[in-house]
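**Student:** What follows is a predicted protein model with its sequence.
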Amino acid sequence: MTLNIDLSNYRTLVTGVSSGIGAGVVDALAKAGSDVAGCGIESVDSEGAKRFISTVESCGRRAFYQSVDLADG
């Protein structure tokens, strides 16, 4: 998916970034120029977190990942 908007100088937060819809949203936002902060249940050293960081940085943007369980009350 390609967004026809310019998100340069924007920062976005996406949950569930390691796979599925979250990973697709991250890809679109980074390609549109946004730096992306992401979180997921996986550890920072997991393949999903590494893939998230690689996706964002390959677009020339900054990435930040935090392991978080949002279901944990």
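**Tutor:** Yep, that arrived.
**Student:** Please count neighbours and contacts with C-alpha atoms only from this point.
**Tutor:** OK.
**Student:** which residues sit in contact with G38?
**Tutor:** 13-17, 52, 63-66 (CA atoms under 8 Å, 6 or more residues apart in numbering).
**Student:** how about the helices of this protein, start to end?
**Tutor:** Ranges of helices in the chain, per DSSP state H, are 20-31, 47-58.
**Student:** Take those and lay them out in CSV including mean pLDDT, mean neighbour count and distance to D6.
**Tutor:** Listed next are those as CSV, based on pLDDT from 0 to 100; neighbours: other CA atoms under 10 Å; distance: least, CA to CA, whole Å:
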stretch, mean pLDDT, mean neighbour count, distance to D6
helix 20-31, 94, 20, 9
helix 47-58, 96, 18, 15
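**Student:** want to throw those helices into a markdown table with distance to I5?
**Tutor:** As requested, the helices of the chain are exported to a markdown table (distance: least, CA to CA, whole Å):
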| stretch | distance to I5 |
| --- | --- |
| helix 20-31 | 9 |
| helix 47-58 | 17 |
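**Student:** Put the buried members of the contacts of G38 into a ChimeraX selection.
**Tutor:** Of these, the buried ones go into a single ChimeraX selection, burial set by 16 or more other CA atoms under 10 Å:
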select :14,15,16,17,52,63,65
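**Student:** closest to I41 among the contacts of G38?
**Tutor:** The closest of these to I41 turns out to be G16 (CA to CA; 7.5 Å).
**Student:** Please report how far the closest one lies from K50.
**Tutor:** 13 Å (CA to CA, to the nearest Å).
**Student:** Filter the contacts of G38 down to just the ones in strands.
**Tutor:** If you go by DSSP state E, the contacts of G38 have 13-15, 63-66 in strands.
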